[in-house]
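Asker: model this:
(chains A and B)
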2 protein chains.
Amino acid sequence: MKYNLRQLCLLDHNEQRIRLARLKVSHPTLICDNANLLYLTGRVFSGYIYLAPESDPVYFVKRPATLEGERVHYIRKPEEIKEITGTTRTLGLETGSLPYADAIRLKNAMGAAEITDVSAAIMNARAVKTPLEIKLLEEDGIRQCEIYSRIPELYAEGMSDVELQVETERLCRLHGCLGLFRVNGPSMELHMGNVLAGDNADAPSPYDFAMGGAGLDPSIPVGASGEKIARGKSVMVDMNGNFNGYMTDMTRTFSCGRLSDLAMKAHACSIEICESLAAMGKPGTEAKALYETARQIAEKHGLADYFMGHRSHAGFVGHGVGIQINELPVIAPRSRHILEEGNVIALEPKFVIPDTGAVGIENTYVVEVEGMRSITNAPEAIIDLL
Amino acid sequence: MKYNLRQLCLLDHNEQRIRLARLKVSHPTLICDNANLLYLTGRVFSGYIYLAPESDPVYFVKRPATLEGERVHYIRKPEEIKEITGTTRTLGLETGSLPYADAIRLKNAMGAAEITDVSAAIMNARAVKTPLEIKLLEEDGIRQCEIYSRIPELYAEGMSDVELQVETERLCRLHGCLGLFRVNGPSMELHMGNVLAGDNADAPSPYDFAMGGAGLDPSIPVGASGEKIARGKSVMVDMNGNFNGYMTDMTRTFSCGRLSDLAMKAHACSIEICESLAAMGKPGTEAKALYETARQIAEKHGLADYFMGHRSHAGFVGHGVGIQINELPVIAPRSRHILEEGNVIALEPKFVIPDTGAVGIENTYVVEVEGMRSITNAPEAIIDLL
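Answerer: All right, here's what the predicted structure looks like:
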């Protein structure tokens, strides 16, 4: 077995203490979202973490039946929790992810009169990564770069976008990718990432993505559409970087033969934006200032029409990433976030060029005192598959 | 493009009418869960379907920007809905999946004084499949059987459970599997299914699965654990059957050399349970009576200790399946469901045999007047990989 099956909390005491101190609840709170259970204990289980001001966390577990540790209580249903904790007037809950019916049940189970949100506080706490979290993300970046370096070997003439994606998925999984693509919020769905070839990059998706893709089926209308990869078109690869519960986000552009001058220029502009933003992004930098700089660079090169999409434009140029793909801060025009040391941010200034497809890069960066340090260090030029 | 990108509702008028008639809301209702959007329109989009008694559905779309059709309105935020629909005192919402904060926002946006649940009603409506839905599920079953027939070709001596799973995932995807594994409720997470080899089948998971598996990482503690597939052990394959937005659920058992007599006996018992339940399950049959019959057959063969798990037991022997893997009815001891014509149910009487692993089969069945008809018609005996 690769990890301790029995010990509930897999974080050492100090690591957990740092995370709890960042969160700091002001009322008794029940946590049960898988991403937050993972953040606070290092593992996913079925049950609840009870947090209260100035107290150690208490674990209420439904499954698996084998977990052990201090303050671990087995329950069949949440109504048993208050027998240990007592009731509370105000109950903190993850109102951003917990279904309404579950929230009402927990409120009643705890004898509470009102619910207060803790989702925003946890997302803010999770936005600043600990050294251990950064180490896990760095490991992801190294593995993702290894995989991307082998993508040209996977390509064969006549392949469709889906076929190239499937071979890339296999390589990811054989390198230890867990496959699961965790997203914050109920609406965005994606299978392991996107490979977007040619004009499909310009098909609008239901999600706030720079690139959409029509997908194979209306039940998941995003990503590769099954078209053959054609000469003169780009192939943008933006695949799953989850090897340990944390995800790096990385995109590289490939081509099938030479791309148009406009596409080459836009790709160079993407690299320029990443470099400028990485130099500029320090603790204290406004997220919206980063977005504005990106926009200005695209405009300076006459590329505003293609920036972050063509028929449909995404409203951001970067986003926090960690346990989930869409964490804080968001690098967007009206973002109120201020960069902090330890933020981990994916910058993805992408362009959709008509008759060519998507171009540009995406790297994941750690915000440090001197600027943003990339942890996805692979060559950034367009790689010709032919 | 493989489907109409522009037409919002991809269901023909009659098909949609049947589904809406099954649902029959008693109050103005907003639907936004992806699975339910798919059920009611044949596609996923970002937005809301407004349903009201005796009225045609109205569509409020945020993304993609290209959808067309009768009663399609574009909105930026849900507060704009009531300008078209008017307010309501009682608002129906999907309280089983909609986050609490979103529910409160919609309630306020619609000027409502109270929320009423519509999740249970939709799950009940979705439990009875239309002929079109059954056709899609039958297509899934055929493809899943093709893939399973080729699993022995994928095996190579010395492989780990994960390696065999990855090759199976690739084959599924190349056969058109969409990859996405839709689950009802926020807590269960799985990547494309499970390949469980040997004793790993007995590692308890956080979910109510017959078989658990330790998984590769505590961030997704379920399924294959990376152990080599060893002689004398079983390999249970339970992989993703989603090729069109609907999923069949199917399990077959493979072996690496001959298994113990106890394991062979349990596997035969699993087939016997499936056949008995399929003959017994007709419109009007109580779900709990099916479970009780399964339990009795296992007990008659002296296999009660291994039935639906060994160290940890699952509390059911079957479940509805369709857009999501865990639909209604549930075949469990205290289930109140009565089978109806058109239910689609996966029966999975499985056994965990110490020192061997998991054995048994799973098929997906359509409930018809004469009994349950399997739509996953592949050989059921244990297949030796050597």
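Asker: now the helices: where do they sit in the stretch 1-150 of chain A?
Answerer: Taking DSSP state H, counting those that start in this stretch as the criterion, the stretch 1-150 of chain A carries its helices at A:13-23, A:34-41, A:81-85, A:100-109, A:119-127, A:131-149.
Asker: brain fart, the stretch 151-300 of chain A
Answerer: Going by DSSP H, counting those that start in this stretch, the stretch 151-300 of chain A shows helices at A:151-154, A:161-174, A:261-280, A:287-300.
Asker: that older thread, so can I have CSV of the helices of the stretch 1-150 of chain A showing mean neighbour count?
Answerer: Any C-beta I mention is one placed from the backbone N, CA and C, and that applies to glycine too. Formatted as CSV, these follow (neighbours: other Cβ atoms under 10 Å in any protein chain shown):
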stretch, mean neighbour count
helix A:13-23, 15
helix A:34-41, 23
helix A:81-85, 15
helix A:100-109, 19
helix A:119-127, 20
helix A:131-149, 19
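Asker: Show me how far stretch A:107-125 is from its chain's centre.
Answerer: Relative to its parent chain, stretch A:107-125 has a centroid offset of 24 Å by Cα atoms, centre = their mean, to the nearest Å.
Asker: what do you get for stretch A:140-150?
Answerer: 17 Å.
Asker: who wins for proximity to chain B among the helices of the stretch 151-300 of chain A?
Answerer: Chain B lies closest to helix A:161-174 among the helices of the stretch 151-300 of chain A, at 4.3 Å (Cβ to the nearest Cβ).
Asker: Can you spell out which helices and strands pack onto the closest one?
Answerer: helix A:131-149, helix A:151-154, strand A:193-197, strand A:234-239, helix B:161-174 (3 or more Cβ pairs under 8 Å, 6 or more residues apart in numbering or on different chains; DSSP states H and E).
Asker: Output these in TSV, with distance to B:Glu133 and mean pLDDT appended to each entry.
Answerer: Listed next are these as TSV, based on distance: least, Cβ to Cβ, whole Å; pLDDT from 0 to 100:
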stretch	distance to B:Glu133	mean pLDDT
helix A:131-149	38	98
helix A:151-154	36	98
strand A:193-197	28	96
strand A:234-239	32	98
helix B:161-174	21	98
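Asker: Pipe the ones you listed into JSON lines and attach distance to A:Ile271 per row.
Answerer: JSON lines is the format used below for the helices and strands packed on helix A:161-174 (distance: least, Cβ to Cβ, whole Å):
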{"stretch": "helix A:131-149", "distance to A:Ile271": "15"}
{"stretch": "helix A:151-154", "distance to A:Ile271": "18"}
{"stretch": "strand A:193-197", "distance to A:Ile271": "19"}
{"stretch": "strand A:234-239", "distance to A:Ile271": "14"}
{"stretch": "helix B:161-174", "distance to A:Ile271": "32"}
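Asker: how about the helices of the stretch 1-150 of chain A, which one is nearest A:Leu51?
Answerer: helix A:13-23 (7.3 Å; Cβ to Cβ).
Asker: Tell me what angle that closest one forms with helix A:119-127.
Answerer: Angle, helix A:13-23 to helix A:119-127, by axes from the mean of the first three to the mean of the last three Cα atoms, to 10 degrees: 130 degrees.
Asker: tell me what helix A:13-23 is packed against?
Answerer: helix A:34-41, helix A:119-127.
Asker: Return the distance of A:Lys77 relative to B:Pro218.
Answerer: Using Cβ to Cβ, to the nearest Å, A:Lys77 is found at 25 Å from B:Pro218.
Asker: Which one of those two is surrounded by more residues?
Answerer: The neighbour comparison of A:Lys77 against B:Pro218 (other Cβ atoms under 10 Å in any protein chain shown) goes to B:Pro218, with 21 against 10.
Asker: Burial check on the closest residue to that one other than its chain neighbours, number of neighbours?
Answerer: Spatial nearest neighbour of B:Pro218, excluding adjacent residues (Cβ to Cβ, 6 or more residues apart in numbering or on different chains): A:Arg43 at 3.8 Å. A:Arg43: 24 surrounding residues under other Cβ under 10 Å.
Asker: so what's A:Arg43 up against?
Answerer: A:Tyr3, A:Leu8, A:Cys9, A:Leu10, A:Leu37, B:Pro218, B:Ser219, B:Pro221 (Cβ atoms under 8 Å, 6 or more residues apart in numbering or on different chains).
Asker: ok, so of those residues, who is nearest B:Leu137?
Answerer: B:Pro221 (30.0 Å).
Asker: ok, now which ones touch the nearest residue to that closest one once chain neighbours are set aside?
Answerer: Ranked by Cβ to Cβ, 6+ apart and with sequence neighbours excluded, the top spatial neighbour of B:Pro221 is B:Gly215, at 4.5 Å. By Cβ under 8 Å, 6+ apart, the residues touching B:Gly215 are B:Ser205, B:Pro221, B:Val222, B:Gly223, B:Ala224, B:Ser225.
Asker: my guess is the third one meets B:Gly193, correct?
Answerer: It stands for B:Val222. No: with contacts counted by Cβ atoms under 8 Å, B:Val222 stays clear of B:Gly193, the gap being 10.3 Å.
Asker: ok, A:Ile81 touching A:Asn108?
Answerer: No: with contact defined as Cβ under 8 Å, A:Ile81 does not reach A:Asn108; the gap is 11.6 Å.
Asker: can the contacts of A:Arg43 go into a markdown table with extra columns for pLDDT and distance to A:Pro57?
Answerer: Putting the contacts of A:Arg43 into a markdown table (pLDDT from 0 to 100; distance: Cβ to Cβ, whole Å) gives the following:
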| residue | pLDDT | distance to A:Pro57 |
| --- | --- | --- |
| A:Tyr3 | 75 | 20 |
| A:Leu8 | 97 | 10 |
| A:Cys9 | 97 | 8 |
| A:Leu10 | 97 | 13 |
| A:Leu37 | 98 | 11 |
| B:Pro218 | 95 | 17 |
| B:Ser219 | 96 | 18 |
| B:Pro221 | 94 | 19 |
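Asker: still on that earlier bit, mind putting the helices of the stretch 1-150 of chain A in TSV, distance to B:Glu348 included?
Answerer: Formatted as TSV, these follow (distance: least, Cβ to Cβ, whole Å):
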stretch	distance to B:Glu348
helix A:13-23	38
helix A:34-41	24
helix A:81-85	32
helix A:100-109	26
helix A:119-127	35
helix A:131-149	34
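Asker: Which among these is found nearest to B:Met280?
Answerer: Comparing the helices of the stretch 1-150 of chain A by Cβ to Cβ, helix A:100-109 comes nearest, at 33.2 Å.
Asker: Who are the packing partners of that closest one?
Answerer: Using 3+ Cβ pairs under 8 Å, 6+ apart: helix A:100-109 touches strand A:90-93, strand A:114-117, helix B:100-109.
Asker: Which one of these lies nearest to A:Glu348?
Answerer: helix B:100-109 (26.4 Å).
Asker: what's the domain layout of chain A?
Answerer: For chain A, the domain assignment from automatic domain parsing gives the residue ranges A:13-126, A:128-384.
Asker: among these, which is the most enclosed?
Answerer: Each of these was scored by mean neighbour count; the highest is domain A:128-384, a mean of 21, by mean count of other Cβ atoms under 10 Å in any protein chain shown.
Asker: for the stretch 51-200 of chain A, which spans come out with low pLDDT?
Answerer: The stretch 51-200 of chain A contains no residues with pLDDT under 70.
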